[in-house]
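**Student:** Fold the following.
(chains A and B)
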Amino acid sequence: MGLFKPFFFIFVFKFIIIRLLRGVFMTNKELADLIFPDITWTIEDYEKKYPNREVGSGYVTRFAPSPTGFVHIGNMMQALTDYFLARNTNGIFYLRNEDTDTKREVDSAVDKIMDVFEYVGFKPDEYEYRGEIVGNYGPYVQSERKEIYHAFIKHLIEIDRAYPCFCSAEELDVMRKKQDAKKVQPGYYGAWAKCRDLSNEDRAARIKNGESFVIRFKSMGNPNRKIQYEDLVTGVIEFPENNNDMVIMKSEDKLPTYHFAHVVDDHLMHTTHVVRGQEWLPSVPLHIEMFTAFGFEIPKYIHNCLLLKQDNGVRRKISKRKDPEALMEYYVEKGYPSIAVIESLMTILNSNYEEWRDNNPDKSYLEFEFNPTKVGTTGALYDLEKLDNISKNIISKMTKDEVYDALYKYASVYDQEFAKIISENEEMTKAILNIEREQEKPRKDFACWSDVRKSIWYMFDALYKPETYEWGKISGRDDIKSVVDLYISKYYNENDDKDTWFDKIKACSTELGYAANMKEYKANPDAYKGNVADISTVLRVALTSKSQTPDLYWIMKLLGKERILARFEQI
RNA sequence: GGCCCGUUGGUGAAGUGGUUGAACACACAUGCCUUUCACGCAUGCAUUCAUGGGUUCAAAUCCCGUACGGGUCACCA
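**Tutor:** From the prediction side, this is the model:
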């Protein structure tokens, strides 16, 4: 009982003091209540609402784009890293819509993202789309999380780590100009931070007066001190501490800035690994300070390299305005298999990916052992030729049915005329696509589905309207006629197998004074008018108008007697 | 300008002090094969790792300076 007494007195004493001071001093709590009168949830309430995830050692990652209406290839690389890391570790991958910049927002942007996700086959575990929320850590749209942010800001005000700032854009502009003239660090700090040391009474009065204000984070950092931080890509980096009182809530819409939303959301959604572009590296000290102010665990960061473009010998950031290949739409419209785009990005992310792929041709890319320290820090050129190569290899390994299905799916969106033609001639199209395909060393002539029409159009009568014939050595009207006439009257038989067919071409060549055997011809070129290749070329061009085609035997086989005769007639 | 990050062939890069005479892949070139093309095969393609110095028996690898490139310094993300 004796112990109880002093506590009682302290309590009473405190109570009296607070009562006395009330008229003079306003507490932070009272200020916070004034600014956010309707916010009743505390940050503890939110902690309870969003408990730890049960993912074990799985990574929790997110793709968090701002909805500007485009999916940039660089963003795609971040999304791929996120998705990969989550799937690779049996973690969680979620989609969060960072729509706090209402000025830049585009309505259908989320549709675009979902379309691209469908194209590449990413299925987020948690997301919000067309009003439907999937997952227990939502909302996944930042504009719908306003009161959550407000509760967290309220908390910061209460613990004296945030304050309202009444400086106008013009004042800040003047400030920056002065700082520039004096060559001091730009920003809102120290003596420049005019609103930082206002009394709560002043603040309250100005707020009640209807003055517009932002909320700034109150930094306790000292740039003369260094903090160390370990990036999973770059390694340990040393930064001066942040001392800038950054805006965390905007005045007009009361939405948080990126920095603040990042801290609150990635904490509440329990993101373990934040993947973003390297341009965020300089704001890491700020983010760390904010996480620390709340007492939150700091997530791991993966700052990926930027994608660059070689332009007149200069490297610059790949830009969606200048470079069509910057946008994912480009690859969709050209008809690249999405896995080709993914693999080309994986190669940039971890250059040993290709080697792994060669050794594990049948595994999913999600089984690859990703190493963040192998991600480049320099900024990589995105090489479209490399993409073509990867894509050609992938397509060459597909069966004729797979190729046909993918081609039809593509064409039915981007080339309906062609889609109609191939679907009316499905078996023949598959046979065409199968020329030199389902074999040990297949042809590699398509990098994307829009390439296909360009290389097989002449097989379809509906498309066969040649503008020019690419004659080779034998280009005279009479010469051509004599070759074709002889071949068709004496040698052509639609039922011949390949060897017989070729033997007859050779015989035809010999009869016309052309060498049947290439070796003989090379040994003694003057003895002949030419060689069997010249004769083949005549037939090839006569039938297709092109000098370069896949195997002529199969082309003739698939064209069939009627069409062959018609085309010979046509020339 | 301050602060960060970087600089290995045309491209992505391997490489973390000594089997590197700098891997692998793309691109390019030449040749072979071959009815054209494609495929495939073979060969070539950085005497040197931006540069100057230092440490060391030994450096692309470690240290310092210089140059160059990139990022960032908003009520944009």
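
**Student:** Any figure for the gap between the residue in the stretch 351-500 of chain A positioned nearest to RNA strand B and residue A:353?
**Tutor:** Distances between the stretch 351-500 of chain A and RNA strand B by CB to the nearest atom of the strand are smallest at residue A:376, namely 2.6 Å. Backbone N, C-alpha and C define where each C-beta goes, glycine included. Distance, residue A:376 to residue A:353, by CB to CB, to the nearest Å: 12 Å.

**Student:** so is the closest residue in space to residue A:269 that isn't next to it in sequence in a helix, a strand, or just coil?
**Tutor:** Nearest residue to residue A:269, sequence neighbours excluded (CB to CB, 6 or more residues apart in numbering): residue A:137, at 4.5 Å. At residue A:137 the chain is in coil, as set by DSSP: H, G, I helix; E, B strand; the rest coil.

**Student:** follow-up on the earlier one: let me see the contact set for the residue of the stretch 351-500 of chain A closest to RNA strand B.
**Tutor:** Counting by CB atoms under 8 Å, 6 or more residues apart in numbering, residue A:376 touches A:305, A:348, A:351.

**Student:** Report the secondary structure state of the last one.
**Tutor:** Reducing the assignment to helix, strand or coil with three-state DSSP, the entry for residue A:351 is coil.

**Student:** which ones are touching the closest residue to it other than its chain neighbours?
**Tutor:** With CB to CB, 6+ apart as the measure, residue A:374 is the residue that lies nearest to residue A:351, at 6.9 Å, once sequence neighbours are left out. By CB under 8 Å, 6+ apart, the contact set of residue A:374 is A:349, A:350, A:351, A:352.

**Student:** mind redoing it with 10 Å?
**Tutor:** Counting by CB atoms under 10 Å, 6 or more residues apart in numbering, residue A:374 touches A:233, A:349, A:350, A:351, A:352, A:353.

**Student:** what does residue A:228 give?
**Tutor:** When contacts are counted by CB under 10 Å, 6+ apart, residue A:228 touches A:236, A:237, A:238, A:239.

**Student:** repeat that for 6 Å
**Tutor:** By CB atoms under 6 Å, 6 or more residues apart in numbering, the residues touching residue A:228 are A:236, A:238.

**Student:** From residue A:236, how far off is it?
**Tutor:** 6 Å.

**Student:** Repeat that for residue A:453.
**Tutor:** 53 Å.

**Student:** Next: residue A:59.
**Tutor:** 21 Å.

**Student:** out of those two, which sits in the more crowded spot?
**Tutor:** Just comparing residue A:59 and residue A:236: by other CB atoms under 10 Å the higher neighbour count belongs to residue A:59, 22 against 8.

**Student:** quick one: low-confidence ranges for the stretch 251-400 of chain A?
**Tutor:** By pLDDT under 70, the low-scoring segments of the stretch 251-400 of chain A are A:310-314.

**Student:** Strands along that one, start to end?
**Tutor:** Using DSSP state E, counting those that start in this stretch, the strands of the stretch 251-400 of chain A run over residues A:273-277, A:300-304, A:307-311, A:314-317, A:380-381.

**Student:** now do the stretch 1-150 of chain A
**Tutor:** In the stretch 1-150 of chain A, strands defined by DSSP E, counting those that start in this stretch lie at A:60-63, A:92-95, A:127-129, A:132-134, listed in chain order.

**Student:** I'd like the strands of the stretch 251-400 of chain A written out as CSV, with distance to RNA strand B and mean neighbour count added.
**Tutor:** CSV is the format used below for these (distance: least, CB to the nearest atom of the strand, whole Å; neighbours: other CB atoms under 10 Å):
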stretch, distance to RNA strand B, mean neighbour count
strand A:273-277, 8, 21
strand A:300-304, 9, 21
strand A:307-311, 6, 16
strand A:314-317, 4, 13
strand A:380-381, 4, 18
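
**Student:** for the residue nearest the centre of chain A, what are its contacts?
**Tutor:** Residue closest to the average C-alpha location in chain A (CA atoms, centre = their mean): residue A:76, at 0.8 Å. Applying CB under 6 Å, 6+ apart to residue A:76 gives the contacts residue A:328.

**Student:** From residue A:175, how far out is it?
**Tutor:** Distance of residue A:76 to residue A:175, given as CB to CB: 39 Å.

**Student:** now residue A:192
**Tutor:** To residue A:175, residue A:192 is 6 Å away according to CB to CB.

**Student:** which SS class is residue A:474?
**Tutor:** Applying three-state DSSP to residue A:474 yields a three-state assignment of coil.

**Student:** got a list of what it touches?
**Tutor:** Taking CB under 6 Å, 6+ apart, one finds A:534, A:538 in contact with residue A:474.

**Student:** And the pLDDT at it?
**Tutor:** pLDDT for residue A:474: 82.

**Student:** Also residue A:11?
**Tutor:** Looking at residue A:11, the pLDDT reads 59.

**Student:** Ok, residue A:514 next?
**Tutor:** pLDDT recorded at residue A:514 is 86.

**Student:** For it, which non-adjacent residue is closest in space?
**Tutor:** Excluding the flanking residues, the one nearest residue A:514 by CB to CB, 6+ apart is residue A:530, at 4.8 Å.

**Student:** for the one you found, phi and psi?
**Tutor:** phi 180, psi -150 (degrees, to the nearest 10).

**Student:** Residue A:516 is in contact with that one, correct?
**Tutor:** No. Assessed by CB atoms under 6 Å, residue A:530 is found out of contact with residue A:516, at 11.1 Å.

**Student:** Helix or strand: which one has the closest residue in space to residue A:162 that isn't next to it in sequence?
**Tutor:** Using CB to CB, 6+ apart and skipping residues adjacent in sequence, the residue nearest residue A:162 is residue A:156, 3.6 Å away. Per DSSP states H and E: residue A:156 is located in helix A:146-158.

**Student:** Need the contact partners of the next helix or strand after that helix.
**Tutor:** Later in the chain than helix A:146-158, the nearest helix or strand by DSSP H and E is strand A:162-165. Strand A:162-165 is touched from outside by A:153, A:156, A:195, A:203, A:213, A:214, A:215, A:216, A:217, A:218, with contacts defined as CB under 6 Å, 6+ apart.

**Student:** what helices or strands is the very next helix or strand once past strand A:162-165 leaning on?
**Tutor:** Counting by DSSP H and E, the element after strand A:162-165 in chain order, helix or strand, is helix A:169-182. Using 3 or more CB pairs under 6 Å, 6 or more residues apart in numbering; DSSP states H and E as the contact test, no helix or strand touches helix A:169-182.
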